[in-house]
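Participant: generate coordinates for the sequence data below:
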Amino acid sequence: MIMRLFIQTIVWLIVMGAVLFVSAGTLAWPFAWLYLVEVGVLGLWLGVWLARHDPALLAERMSMFMQPAQSRWDKLFMLCAGIGWFGWLVLIGIDGGRLHLSDMPLWLKVCGAIGVCVCIVATRSVFRANSYAAPVVKIQAERGHKVSDSGPYAYVRHPMYTAASLYLAGTPLMLGSWWGVVCVPLMIVGLGYRAVLEERTLIDGLDGYADYAARVRYRLVPHVW
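Facilitator: Numbers count the residues shown, from 1 in each chain. Model (predicted):
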């Protein structure tokens with residue numbers, strides 16, 4: 001499983017790097033290289049940790065983004081999200097790497113790198129509390145799926161989406177693209193939309209989730225939403 005983790009990580013980094021550098025029209029983009037190194041190192045760190053502490057969850061996280069048990073609406077969402085993700089990277093590459101339309105100060109790029117790091121580190125807390133945090137929306141009856149309400153789940157119902165928001169904000173900041181930053185609110189709205197639909201699936205198919213949703217009032221940010 002560790003070997004598969006390394007292979008998938010390397011392939012993903014190559015794909016992201018190709019999209020960024022081709023759209024930028026150059027390999028001389030230091031922060032793009034730093035971004036790929038940061039994402040790769042921290043991603044492998046998280047994956048190795050999962051391999052030791054929850055290999056079943058790691059197997060779920062490395063599975064396909066289109067699965068038979070997955071909700072139909074989520075398949076469409078993931079398809080649109082994938083297209084949007086790569087389009088966003090192209091926009092960032094053109095802006096931050098090719099045309100240099102954005103004047104991003106160094107301190108904001110550093111803040112972006114910190115945001116990416118905090119996201120991945122915080123995700124470990126999510127995985128520690130929820131062994132059923134699959135990348136797709138489905139009821140994992142074969143794994144004894146049950147409600148997770150400890151750790152960050154005691155404060156918000158979708159802490160992984162909260163962490164992902166830091167990643168979404170940090171990526172264009174680190175890569176120096178204000179145009180990429182402009183897209184972030186729309187992407188976070190997309191996460192919120194998925195959270196609402198995911199909850200409907202969980203309420204219908206997972207015992208105890210309705211009671212959990214009544215106890216923990218907020219989805220992404222305490223006292224906000």
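
Participant: give the burial count for residue 81, as a bare number.
Facilitator: 16 (other Cβ atoms under 10 Å). Quick note: C-beta positions are derived from backbone N, CA and C, even for glycine.

Participant: tell me which element it is part of?
Facilitator: Under the criterion of DSSP states H and E, residue 81 resides in helix 72-92.

Participant: next, the nearest residue to residue 205 once chain neighbours are set aside: secondary structure please.
Facilitator: Spatially, and ignoring its direct neighbours in sequence, residue 205 is nearest to residue 139 (4.2 Å; Cβ to Cβ, 6 or more residues apart in numbering). The three-state assignment at residue 139 reads coil, by DSSP: H, G, I helix; E, B strand; the rest coil.

Participant: gap between the helix holding residue 81 and the chain center?
Facilitator: 12 Å (Cα atoms, centre = their mean, to the nearest Å).

Participant: let's see that helix as CSV, backbone CA atoms only.
Facilitator: Coordinates of each C-alpha in helix 72-92 appear next as CSV, following Å, rounded to 0.1, in the frame of the first residue of the first chain:
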residue,chain,number,x,y,z
ARG,A,72,-25.4,10.0,-8.3
TRP,A,73,-25.3,13.7,-7.6
ASP,A,74,-21.8,13.4,-6.2
LYS,A,75,-20.5,11.8,-9.3
LEU,A,76,-21.7,14.8,-11.3
PHE,A,77,-20.2,17.1,-8.6
MET,A,78,-16.9,15.4,-8.7
LEU,A,79,-16.8,15.6,-12.5
CYS,A,80,-17.5,19.3,-12.4
ALA,A,81,-15.1,19.9,-9.5
GLY,A,82,-12.3,18.1,-11.4
ILE,A,83,-12.8,20.2,-14.5
GLY,A,84,-13.0,23.3,-12.4
TRP,A,85,-9.8,22.4,-10.5
PHE,A,86,-7.7,22.0,-13.6
GLY,A,87,-9.2,25.1,-15.2
TRP,A,88,-8.3,27.0,-12.0
LEU,A,89,-4.7,25.8,-12.2
VAL,A,90,-4.5,26.9,-15.8
LEU,A,91,-5.8,30.4,-14.8
ILE,A,92,-3.2,30.5,-12.0
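
Participant: residues of it that come out buried?
Facilitator: 74, 77, 78, 81, 88, 89, 91, 92 (16 or more other Cβ atoms under 10 Å).

Participant: what's the answer for stretch 188-207, then?
Facilitator: So for stretch 188-207, counting by 16+ other Cβ under 10 Å, buried means 188, 190, 191, 194, 195, 198, 199, 201, 202, 206.

Participant: would you format those residues as JSON lines with secondary structure, distance to residue 218 and pLDDT included?
Facilitator: Putting these into JSON lines (DSSP: H, G, I helix; E, B strand; the rest coil; distance: Cβ to Cβ, whole Å; pLDDT from 0 to 100) gives the following:
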{"residue": "188", "secondary structure": "helix", "distance to residue 218": "15", "pLDDT": "96"}
{"residue": "190", "secondary structure": "helix", "distance to residue 218": "18", "pLDDT": "96"}
{"residue": "191", "secondary structure": "helix", "distance to residue 218": "14", "pLDDT": "96"}
{"residue": "194", "secondary structure": "helix", "distance to residue 218": "16", "pLDDT": "96"}
{"residue": "195", "secondary structure": "helix", "distance to residue 218": "11", "pLDDT": "96"}
{"residue": "198", "secondary structure": "helix", "distance to residue 218": "15", "pLDDT": "95"}
{"residue": "199", "secondary structure": "helix", "distance to residue 218": "12", "pLDDT": "95"}
{"residue": "201", "secondary structure": "helix", "distance to residue 218": "19", "pLDDT": "92"}
{"residue": "202", "secondary structure": "helix", "distance to residue 218": "16", "pLDDT": "94"}
{"residue": "206", "secondary structure": "coil", "distance to residue 218": "19", "pLDDT": "90"}
